[in-house]
Structures are given as structure tokens and as C-alpha cells.
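1. Could you work out the structure for the sequence below:
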Amino acid sequence: MNAIELKASLTANQPPSSLSVYHQALWWEAKGNWDKAHTLIQDLPDRNAAWIHAYLHRVEGDQWNADYWYRKASKPSCKLSLEQEWEELVRVINN
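-> Next up, the predicted model:
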């Protein structure tokens with residue numbers, strides 16, 4: 001699912017059942033439910049989860065914590081806007 005399709009699905013009350021846990025987390029964050037997004041992603045051990053985790057802490061305004069998770073994801077701290085990073089995450093993470 002691309003960013004346009006994922007954004008279009010935000011009118012629903014629940015994410016599409018076909019979404020990966022990664023895209024579910026991004027969906028919930030876009031719906032304004034940071035806690036649900038964080039709960040879905042926080043215990044996953046892979047780099048994609050760490051990248052989303054970093055993004056979520058950036059959304060929260062906790063740059064120190066975000067930087068920790070960017071390092072865990074082997075990514076530099078993001079300088080894009082939050083919207084641009086969200087779109088990049090949707091595009092790159094296809095699991």
C-alpha cells in the first residue's frame with residue numbers, strides 16, 4: 001500500500017486487515033493515536049520497527065529518545081518534515 005492509499009484509508013475506524021504491523025502503526029499515528037502506534041511497534045526487534053519507533057518519538061517531541069532509536073535502526077537522525085518521513089516510511093517499509 002502506498003502513502004496515498006494509506007491516507008485514503010484513514011476515514012475508516014480500523015486499519016485495513018491486510019496491513020503489516022509496521023503500516024498499522026503508521027496508520028494509527030496518522031489517525032492521532034500515538035499510544036496505539038507505539039504499543040504495536042515498541043517490542044519488535046528489527047530495524048524497521050526501530051525506525052518507526054524513532055519517528056514516533058520525534059512526533060512526540062522527544063528528540064533524545066528518537067535519536068536513540070535512529071541509531072538502533074542504523075539511520076541518521078531525520079531532517080525531513082514529519083509528513084515527509086511518514087511518507088518515506090510507508091514507501092520503504094513494504095513488509
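
2. from here on, contacts and neighbour counts on C-alpha atoms
-> Fine.

3. By mean pLDDT, point me to the weakest helix or strand of this protein.
-> In the chain, the helix or strand scored least confidently by mean pLDDT, DSSP states H and E is helix 3-8, which has a mean of 88.

4. Just after that helix, pick out the following helix or strand.
-> Using DSSP states H and E, the helix or strand that follows helix 3-8 in sequence is helix 21-30.

5. Between helix 21-30 and the longest helix belonging to the chain, find me the angle.
-> For the chain, the helix that runs over the most residues, judged by DSSP state H, is helix 47-60. Orientation note: helix 47-60 sits at an angle of 10 degrees relative to helix 21-30 (axes from the mean of the first three to the mean of the last three C-alpha atoms, to 10 degrees).

6. what separates helix 47-60 from the chain centre, distance-wise?
-> The chain centroid and the centroid of helix 47-60 are separated by 6 Å, computed with C-alpha atoms, centre = their mean, to the nearest Å.

7. got it, and stretch 74-88?
-> The chain centre lies 10 Å from the centre of stretch 74-88; the measure is C-alpha atoms, centre = their mean.

8. now stretch 19-29
-> Taking C-alpha atoms, centre = their mean, one finds the center of stretch 19-29 at 7 Å from the center of the full chain.

9. Give me the contacts around that stretch.
-> Stretch 19-29 is contacted from outside by 1, 6-7, 10, 15, 34, 36-38, 40-41, 48-49, 52, 56, 86, 90, 93, 95, using C-alpha atoms under 8 Å, 6 or more residues apart in numbering.

10. Try it again at 7 Å.
-> Taking contacts as C-alpha atoms under 7 Å, 6 or more residues apart in numbering, the residues outside stretch 19-29 that touch it are 15, 34, 36-38, 40-41, 49, 90, 95.

11. what's the pLDDT at residue 74?
-> Per-residue confidence at residue 74 stands at 97 (pLDDT).
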